[in-house]
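A.B. asks: only the shape, not the letters, is given here:
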């Protein structure tokens, strides 16, 4: 019965760490994929207002429009608040065509549910915002989300 | 020439390198979640239909001037009182709605000179072109808060039994809907619609005057 004789007992075999790099790489890839590099660099000051009645935004169906005063790097554009879409300044008249273009580039089944996210600096005049809204109505993109920071409720 | 076997590369430090990268990405990742106030704009209406006449008492006017002062129903008030004033207006229930029903769930004072029914109550907001966006958002936030407060109240009156642990019943319902977005829950959707119908959001914004 020597075949079934127990091998020398005692010391537990060391746990193999050979798969450790695989695990770490898996985590690494997850974080690499989850990391969002800001896709359009802001050319404006963008301090968001705060609100406490906020809802979450569904990113896949959102087109962002930024507005605010040109930041210090872009002083040549003056002091007046400007509208930024993707990587360029646009005028109020261009909003409609930009939005339409943004909708066309979107996933087809989400096109009807498009939300326009307005990231507007809090020191901007509300008149500019209502100009944008008027253009959005013309582009028939009627769902708007005023993006804001969450304010902790003060009660 | 003797053939030399290539020495095996030591892969022991692989884990270290991977950890280094991992920690770098861990630190730099900010999983951003944008939040905000969701509103619907009215579609452009070219039809020449005469707008219906709205009684003054069913209209709650909110004006913000260029100096960020708030004028509500022809009276200047601080923004901290706006929420309560809006709730009082919406919840007044002094008369009947289109179908001639009284608002039996309203807990307001039933004043003669305030709104008849939440169905009829309209908030009309107007701002100057030079109002700051911050102030505009503050006011929007308070108005939405008033609706949310009333809807929350009705939700806990009607459906508290289904969500005994929830502090905010309406929020819990909306969260559940969000969670089950791929399997539609008809009962839940109907309940949410019921609540929304009790206090329909009627918030109209006038365009600021052009100079």
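C.D. replies: Sure, I can see it. Worth saying up front: this structure is predicted, and the values here are computed from it rather than measured.

A.B. asks: from here on, contacts and neighbour counts on C-alpha atoms
C.D. replies: Fine.

A.B. asks: next one: the helix ranked longest in chain B to chain centre, how far?
C.D. replies: For chain B, the helix with the greatest residue count under DSSP state H is helix B:133-159. Relative to its chain's centre, helix B:133-159 lies at 6 Å (C-alpha atoms, centre = their mean, to the nearest Å).

A.B. asks: ok, that helix near chain A or not?
C.D. replies: Yes - Helix B:133-159 lies within reach of chain A by C-alpha under 8 Å from any C-alpha of the partner chain, at B:133-134, B:136-138, B:141, B:144-145.

A.B. asks: and residue A:74, how many neighbours does it have?
C.D. replies: Neighbourhood size, residue A:74 [other C-alpha atoms under 10 Å in any protein chain shown]: 12.

A.B. asks: one more: residue B:167?
C.D. replies: 12.

A.B. asks: count the neighbours of residue B:82 for me.
C.D. replies: With other C-alpha under 10 Å as criterion, residue B:82 counts 20.

A.B. asks: return the set of buried residues in the longest helix of chain B.
C.D. replies: B:133-156 (16 or more other C-alpha atoms under 10 Å in any protein chain shown).

A.B. asks: the helix or strand hosting residue A:96 - what's its average pLDDT?
C.D. replies: Using DSSP states H and E, residue A:96 sits in helix A:95-104. Mean per-residue pLDDT for helix A:95-104: 89.

A.B. asks: contacts for the following helix or strand past it, please.
C.D. replies: The helix or strand immediately downstream of helix A:95-104 is strand A:115-120, counting by DSSP H and E. Residues from elsewhere that reach strand A:115-120 (C-alpha atoms under 8 Å, 6 or more residues apart in numbering or on different chains): A:46-49, A:61-68, A:129, A:141-148, B:133.

A.B. asks: note down every partner strand of strand A:115-120 and its orientation.
C.D. replies: strand A:62-68 (parallel), strand A:143-147 (parallel) (DSSP bridges).

A.B. asks: would you turn these into TSV with mean neighbour count and mean pLDDT?
C.D. replies: Compiled in TSV, these are given as follows (neighbours: other C-alpha atoms under 10 Å in any protein chain shown; pLDDT from 0 to 100):
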stretch	mean neighbour count	mean pLDDT
strand A:62-68	22	88
strand A:143-147	22	89
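
A.B. asks: and these as JSON lines, adding distance to residue A:104?
C.D. replies: Shown next, in JSON lines, are the strands paired with strand A:115-120 (distance: least, C-alpha to C-alpha, whole Å):
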{"stretch": "strand A:62-68", "distance to residue A:104": "11"}
{"stretch": "strand A:143-147", "distance to residue A:104": "16"}
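
A.B. asks: sorry, back to before: packing partners for the longest helix of chain B?
C.D. replies: Packing partners of helix B:133-159 (3 or more C-alpha pairs under 8 Å, 6 or more residues apart in numbering or on different chains; DSSP states H and E): strand A:50-51, helix A:126-138, helix B:82-90, helix B:169-179, helix B:186-198.

A.B. asks: so which of these is nearest residue A:17?
C.D. replies: helix B:169-179 (38.5 Å; C-alpha to C-alpha).

A.B. asks: any part of that closest one near chain A?
C.D. replies: No - Helix B:169-179 is not in contact with chain A by C-alpha under 8 Å from any C-alpha; minimum separation 10.2 Å.

A.B. asks: now the angle from that helix to helix B:133-159?
C.D. replies: 90 degrees (axes from the mean of the first three to the mean of the last three C-alpha atoms, to 10 degrees).

A.B. asks: for helix B:169-179, packing partners?
C.D. replies: helix B:133-159, helix B:186-198.

A.B. asks: contacting residues around residue B:202?
C.D. replies: The neighbours of residue B:202, taking C-alpha under 8 Å, 6+ apart as the test, are B:121-123.

A.B. asks: residue A:50 is in contact with residue B:34, isn't it?
C.D. replies: No - if you go by C-alpha atoms under 8 Å, residue A:50 and residue B:34 don't touch, sitting 11.9 Å apart.

A.B. asks: any stretches of chain B with poor pLDDT?
C.D. replies: B:1-3, B:30-32, B:210-211 (pLDDT under 70).

A.B. asks: for it, what lies in contact range of chain A?
C.D. replies: Residues of chain B lying near chain A (C-alpha under 8 Å from any C-alpha): B:14-15, B:18-19, B:21-22, B:25-26, B:28-31, B:33-44, B:127-134, B:136-138, B:141, B:144-145, B:207-208.
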